[in-house]
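Student: build me a model from this:
(2 chains)
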Number of protein chains: 2
Amino acid sequence: MPKPSERIKVVVLGGGTGLSTLLRGLKKLPVDITAIVTVADDGGSSGRLREDYDIPPPGDVRNVIAALSDVEPLVEAMFQYRFNHSKDLEGHSLGNLMLAALTAITGDFGHAVSEMSRVLNINGKVLPAANQVVTLHAVYEDGSIVTGESKIPLVDKPIRSVMITPEDVQPLPETIQAIKKADLIVIGPGSLYTSILPNLLVPEIQQAIRESDALRVYMCNLMTQAGETEAYKASHHLQAILNHTAPDIIDVVLASDYDLPDQIMDQYSEEHAAPVVVDVEKIESLGVEVIKRDIAVIRNGSVRHNAEKVALWLVYEALSNKKIK
Amino acid sequence: MPKPSERIKVVVLGGGTGLSTLLRGLKKLPVDITAIVTVADDGGSSGRLREDYDIPPPGDVRNVIAALSDVEPLVEAMFQYRFNHSKDLEGHSLGNLMLAALTAITGDFGHAVSEMSRVLNINGKVLPAANQVVTLHAVYEDGSIVTGESKIPLVDKPIRSVMITPEDVQPLPETIQAIKKADLIVIGPGSLYTSILPNLLVPEIQQAIRESDALRVYMCNLMTQAGETEAYKASHHLQAILNHTAPDIIDVVLASDYDLPDQIMDQYSEEHAAPVVVDVEKIESLGVEVIKRDIAVIRNGSVRHNAEKVALWLVYEALSNKKIK
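Tutor: Okay, the predicted model is just below:
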């Protein structure tokens, strides 16, 4: 097993379930992981804490810390516990409250995240994409604008673009350091407009990825999402990223090659979701390589990435990358 | 330093600030500590959690865990953090929420307390006096009855006695084991009717203390308390304990020998509180030894026990106790 200093350095950017799933696969491999996590959420427990305490929403960070943590199951269960049966606490996640308390005590969300990461004994590093409250706005094809991450998918109109305010939000210095040193940068999987792009819209993060010699992989979602990427093919996902950034930010799209059972197809179609069609030629015409692999599994009726296989493939490709330092 | 197996085994019973202060002194000495903590509280954050989740109130247990914990200051600060500026969370203590979550996950308050103790790396053992919700009732001298720990001192009438329901509440088996093995049992300091007596009213706890060969010390409060022990001398405190238990439950009363500065006296008299007068002969007439020592200090305008001195005195006396096993 390589020594820590020789380990492949992986930076993963995203938010939501997709990012956590991937990290649970990566953490079993001998790699150095840095997860850069969106802080544009404004719904649920996170949104209430953001509103009441003026702190970045802790929910995505919490899930990533849990995914990378190496503590007893009971401590992780406590961290992820969600209150119910209580007017006061209904819907709050205990880990969110712990991050809010640490932020109040230290006066700094980034510091709170690093302390929480230490207490939960995480394998890797978790960095919020910004150390401040960031607001996401969507411009729809009809020109209308909606503000607020949680509201954007509910409008159910085609999205033209998203923006964050403040526009010049600063990343943590460690975030840029990690990107500069990375051998492998993984963007996604996750909600395209509400989890992935908010990270890439932080100017210095985008710039650092563009300048990186790392292998830069976009892990395309397995399924379309209602209100966000309805009827999107893989190339549409990629095109949206390139439109918001630059043509030179992705080297490879990793897509899934699989057929879903009819029952799962029916279930997803009720949610206005369907498998993302992988239009290889169109992606290649954008100057990006595309690789299709059998990397999907069905767990509890949901289609998910097979985190172990994806992690192995990613690290293998990173080791094979001619650009490697 | 004696090996763990040769250490003096100390059991401390109480609740509130007094118990935590004493434990911060004891934990610096090479002794085995078991803290048996009242669960009769029903006010504040504890009371809301008790009401909403039907769990024993975690507040006193939380303070004792914090007092015995050996973690970085920031983790202890997080555990003791109290939310404000939020309609949802106003007044809730994060440690209480952590204990509530662990209780919900494990289905058992005692288990939650032991897990929390492990995470906070405590020096000693914390045991709730009962593993269920206990309700405290007071009978006043005029025969009226009030139910609810937090309401009892507010009535501002002389208390005749207190009762708990259910009357036959069971302690944890470890509690009785700890009392049986103890070399030193310390009762108090703390609110006589609302922190001390609820522990002694658990039948098996009371019985085990009466049968113990340990040195059994009642640490009398330094100051009287409005609504509970107004104008009580030390012998009145002791008499109340004996009335609720049996004449053979205390060996020694440790009382304070000091004069308060006028400024502090004035400040306390505004709260209808005054130094507890130590009426030595009256205590001795109850068959209990009384020892007066210079063990009070003034901290931030409040009179407190000097925990270091008290702890040293207690352990010294326990080592000198002829009854020692």
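Student: how about A:Pro203, what does it touch?
Tutor: A:Pro203 makes contact with A:Glu167, A:Asp168, A:Val169 under the criterion CB atoms under 8 Å, 6 or more residues apart in numbering or on different chains. C-beta coordinates here come from the backbone N, C-alpha and C atoms, glycine included.
Student: want to throw those into a markdown table with secondary structure and pLDDT?
Tutor: Putting these into a markdown table (DSSP: H, G, I helix; E, B strand; the rest coil; pLDDT from 0 to 100) gives the following:
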| residue | secondary structure | pLDDT |
| --- | --- | --- |
| A:Glu167 | coil | 94 |
| A:Asp168 | coil | 94 |
| A:Val169 | coil | 96 |
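Student: who are the packing partners of whatever helix or strand A:Leu197 lives in?
Tutor: Following DSSP states H and E, one finds A:Leu197 within helix A:197-200. The helices and strands touching helix A:197-200, judged by 3 or more CB pairs under 8 Å, 6 or more residues apart in numbering or on different chains; DSSP states H and E, are strand A:8-14, strand A:159-165, helix A:203-211, helix A:234-244.
Student: for the stretch 51-200 of chain A, what spans make up the helices?
Tutor: Applying DSSP state H, counting those that start in this stretch to the stretch 51-200 of chain A gives helices spanning A:59-68, A:73-79, A:94-106, A:109-119, A:173-181, A:197-200.
Student: got a list of contacts for the second one?
Tutor: Here helix A:73-79 makes contact (CB under 8 Å, 6+ apart) with A:62, A:65-66, A:69, A:94-95, A:98, A:120, B:98, B:101-102, B:105-106, B:115, B:119.
Student: A:Asn96 reaches A:Asp60, doesn't it?
Tutor: No: at 10.3 Å, A:Asn96 and A:Asp60 do not qualify as touching, with contact defined as CB atoms under 8 Å.
Student: neighbour count: those two, which is higher?
Tutor: Neighbour count, other CB atoms under 10 Å in any protein chain shown: between A:Asn96 and A:Asp60, A:Asp60 has more, with 28 against 25.
Student: separation between the residue nearest to the more buried one when sequence neighbours are not counted and A:Gly190?
Tutor: What sits nearest to A:Asp60 in space, not counting adjacent residues and going by CB to CB, 6 or more residues apart in numbering or on different chains, is A:Gly15, at 4.0 Å. Separation of A:Gly15 from A:Gly190 (CB to CB, to the nearest Å) stands at 5 Å.
Student: what residues are shared contacts of those two?
Tutor: Each of A:Thr38, A:Ile196 lies in contact with both A:Gly15 and A:Gly190 under the rule CB under 8 Å, 6+ apart.
Student: and the contacts of stretch A:246-260?
Tutor: Everything outside stretch A:246-260 that qualifies as a contact, by CB under 8 Å, 6+ apart, is A:187, A:200, A:206, A:209-210, A:215-220, A:222, A:234, A:238, A:241-242, A:268, A:275-276, A:278, A:283, A:286-296, A:298, A:303, A:305, A:310, A:313-314, A:317.
Student: my bad, stretch A:154-164
Tutor: A:40, A:134-142, A:144, A:146, A:152, A:193-194, A:197-198, A:201-202, A:226-228, A:230, A:243-244.
Student: separate out the buried members of the residues you listed.
Tutor: Using 16 or more other CB atoms under 10 Å in any protein chain shown as the burial test, the contacts of stretch A:154-164 include A:40, A:134-138, A:140, A:146, A:152, A:193-194, A:197-198, A:201-202, A:227-228, A:230, A:244 as buried.
Student: isn't A:Ala67 right up against A:Leu26?
Tutor: No: between A:Ala67 and A:Leu26 there is no contact under CB under 8 Å: 9.2 Å.
Student: low pLDDT regions in the stretch 101-250 of chain A?
Tutor: Along the stretch 101-250 of chain A, no part satisfies pLDDT under 70.
Student: residues near A:Asn121, how many?
Tutor: A:Asn121: 12 neighbours (other CB under 10 Å).
Student: A:Ala226 versus that one, what's the distance?
Tutor: Distance of A:Asn121 to A:Ala226, computed by CB to CB: 37 Å.
Student: likewise for A:Gly124?
Tutor: 32 Å.
Student: okay, now the closest residue to chain B within the stretch 101-250 of chain A: neighbour count?
Tutor: Taking CB to the nearest CB, chain B has its nearest neighbour within the stretch 101-250 of chain A at A:Ala101, 3.9 Å off. Neighbours of A:Ala101 under the rule other CB under 10 Å: 25.
Student: return the residues in contact with it.
Tutor: Shown here is A:Ala101, whose contacts under the criterion CB under 8 Å, 6+ apart are B:Met78, B:Tyr81, B:Phe83, B:Leu94.
Student: quick check: phi and psi on whichever residue of the stretch 201-325 of chain A sits closest to chain B?
Tutor: Nearest residue of the stretch 201-325 of chain A to chain B (CB to the nearest CB) works out as A:Asn300 at 20.1 Å. A:Asn300 adopts backbone torsions of phi 50, psi 40, taken as degrees, to the nearest 10.
Student: rewinding a little: can you name the two of the contacts of A:Ala101 that sit furthest apart?
Tutor: B:Met78 and B:Phe83 (11.7 Å; CB to CB).
Student: more neighbours, those two?
Tutor: Taking neighbours as other CB under 10 Å, B:Met78 and B:Phe83 compare with B:Met78 leading, 25 against 21.
Student: you'd agree A:Ile152 is up against A:Ala138?
Tutor: Yes: A:Ile152 is in contact with A:Ala138 according to CB under 8 Å; the separation is 4.4 Å.
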